[in-house]
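Novice: sequence and predicted model, in that order:
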Amino acid sequence: MTDLYEYSTTELVRMLGTRFKEYRLRTNLTQKEVAEQSGVTTTTIHKFETGAMNNASLNTFIMLLKAVGCIDGLDKIMPELPESPYLYRTDTKKAQRIRHKKQ
């Protein structure tokens, strides 16, 4: 397994673009078909796949994932966590934020 912390943000975006292209090709979709399904332009898709785009919005990325059937991968990126006992106060109300006491 690769240590992703060793890569810069630009390198990670380029890696995601390359992987996206592989998924697109395996689902037998053209850039034009992905554009039609996602509402993202073919120019944006091309730039993302080639690593020329370094400012794709999260919305764009999610729409592209949906187009190639990979939206379920978001659960692997950031899975839902179980309830934490540290978030409950003594009066059993769930804490809305964590504050550290001043020393």
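Specialist: In hand now; what should we look at?
Novice: quick check: residue 24 touching residue 34?
Specialist: Yes - using Cβ atoms under 8 Å, residue 24 is in contact with residue 34, at 5.9 Å. All C-beta spots, glycine's among them, are computed from the backbone N, C-alpha and C.
Novice: so after the longest helix seen in the chain, what's the next helix or strand?
Specialist: If you go by DSSP state H, the chain has its longest helix at helix 9-26. Heading C-terminal from helix 9-26, the first helix or strand you meet, by DSSP states H and E, is helix 31-38.
Novice: roughly how far out does the helix or strand following that next one sit from the chain middle?
Specialist: Using DSSP H and E, the helix or strand that directly follows helix 31-38 along the chain is helix 42-50. Relative to its parent chain, helix 42-50 has a centroid offset of 16 Å by Cα atoms, centre = their mean, to the nearest Å.
Novice: helices and strands around the helix or strand that comes right after helix 42-50, which ones?
Specialist: Next helix or strand after helix 42-50 toward the C-terminus (DSSP H and E): helix 58-67. Packed against helix 58-67 by the contact rule (3 or more Cβ pairs under 8 Å, 6 or more residues apart in numbering; DSSP states H and E) you find helix 31-38, helix 42-50.
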